[in-house]
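A.B. asks: with the input below, show me the fold.
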Amino acid sequence: MNRSKIVGATALASVMAASAAHAEMSIGGFTYGHISDAGGGQSQTLSTNSLYVSYSDSLDNGMGVSSNMSIYAGQILTAVSIDTGMGTVSLGNNRDSAVDKMDGNPACFSLGSCGSAELGAWIDGDGASGNSVMYSNSVSGLDFMITRGMEDATYNPTMSYAVGTSIMGATVKAGLSSIDYKAAATTDVDPSFVTVSYSIAGLNLGYGMYDSDNGSEETTMGVGTSMGGFDMGVQFASLDSSTDSDMMEVSINKGLGAASFGLDYTDTDEAGGTTNDTENWRFSYIIGF
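C.D. replies: I've put the predicted structure just below:
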């Protein structure tokens, strides 16, 4: 090791030692994969193999600061957040759009394949935003986020807004992205979503509506429960688009500490015939630390 590296390492060690009483660091990760059979033979896919590192500390002025690093799919993504006392400002290349942060599907009960819309090409504003700048805060029971995307050759800055709250025991989330294209021939869109989840008598109920504002709208409903140490649920989704389609998915999962396993059966029917109809069995596994 040359002199500059020795000095640098010593300085870093001194800083870390001085702030050790206030700083917190954690490391975690998980592996998610599945074996599926859609009628044409079995296939195995390792969908996610991820490592997460987070570090938090306090600035001299009392503000909180944190950094989160995600390593997966050959990428290293980092987000830096500053808690100002009047909300949190987040920067970096790991900031999704506000809508993407909140549009999770509460009607889905699969172990590893739950996202937002199930059937359509849902536009959440994330791809158009690039590396967003985010502001988030909680006021009077409302959790809200606002992101501003970066301008590039295709898009003007994309603004995205999302809010979540609890109403009479139901968790309600909604959001809107404003995507403005630079090309005059491309129609601007304002995709939006609403989700509602509610638990009663051991049942978890979920509803989601995803409108891409381009002629594609999807609604989904589901119910889940726990029985005999297993989590299970059923989801129904309907896509209203140029080609309509419907989906039913039945899921059953089992958690065993550091590992969880799940089995899904998905039946998708496309309007206008049976050519593109599919049935799929999927066995999923997640191991984390």
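
A.B. asks: from here on, contacts and neighbour counts on C-alpha atoms
C.D. replies: Will do.

A.B. asks: show me what the spatially closest residue to residue 165 that is not a sequence neighbour bridges to in the sheet.
C.D. replies: Among residues not flanking residue 165 along the chain, residue 142 sits closest, at 5.0 Å (C-alpha to C-alpha, 6 or more residues apart in numbering). Judged by DSSP bridges, the bridge partners of residue 142 are residue 139.

A.B. asks: residue 142 and residue 258, how far apart?
C.D. replies: Distance of residue 142 to residue 258, given as C-alpha to C-alpha, to the nearest Å: 33 Å.

A.B. asks: which of those two has more neighbours?
C.D. replies: More crowded of residue 142 and residue 258, by other C-alpha atoms under 10 Å: residue 142, with 13 against 10.

A.B. asks: what's near enough to touch that one?
C.D. replies: If you count contacts by C-alpha atoms under 8 Å, 6 or more residues apart in numbering, residue 142 has them with 163-165.

A.B. asks: try 10 Å this time
C.D. replies: Going by C-alpha atoms under 10 Å, 6 or more residues apart in numbering, residue 142 touches 163-166, 173.

A.B. asks: tally of neighbours for residue 242?
C.D. replies: With other C-alpha under 10 Å as criterion, residue 242 counts 9.

A.B. asks: ugh, wrong one, residue 40
C.D. replies: For residue 40, using other C-alpha under 10 Å, the count is 8.

A.B. asks: and it, what does it touch?
C.D. replies: Residue 40 neighbours (C-alpha under 10 Å, 6+ apart): residue 280.

A.B. asks: follow-up on the earlier one: closest to residue 204 out of the contacts of residue 142?
C.D. replies: Residue 204 lies nearest to residue 166 out of the contacts of residue 142, by C-alpha to C-alpha, at 15.0 Å.

A.B. asks: that closest one falls within a strand, correct?
C.D. replies: Yes. Counting by DSSP: H, G, I helix; E, B strand; the rest coil, residue 166 is part of a strand.

A.B. asks: all strands for the stretch 51-200 of the chain, in order.
C.D. replies: Ranges of strands in the stretch 51-200 of the chain, per DSSP state E, counting those that start in this stretch, are 64-72, 75-83, 88-92, 133-139, 142-148, 159-167, 170-178, 192-200.

A.B. asks: what's the average pLDDT for the fifth one?
C.D. replies: The average of the pLDDT scores along strand 142-148 is 96.

A.B. asks: of all the residues in it, which ones are buried?
C.D. replies: Of the residues in strand 142-148, those with enough neighbours to count as buried (16 or more other C-alpha atoms under 10 Å) are 144-148.

A.B. asks: gap between residue 68 and residue 81?
C.D. replies: 8 Å.

A.B. asks: any shared contact partners between the two?
C.D. replies: Joint contacts of residue 68 and residue 81 (C-alpha under 10 Å, 6+ apart) are 56, 92.

A.B. asks: nearest the middle, which residue of the protein would you pick?
C.D. replies: The structure's the chain has its C-alpha centroid closest to residue 101; by C-alpha atoms, centre = their mean the separation is 5.5 Å.

A.B. asks: who's in contact with it?
C.D. replies: 95, 124, 126, 145, 162, 175.

A.B. asks: what does stretch 185-193 contact?
C.D. replies: 99, 102-104, 116-117, 122-125, 154-155, 159-162, 173-182, 208-214, 216-219.
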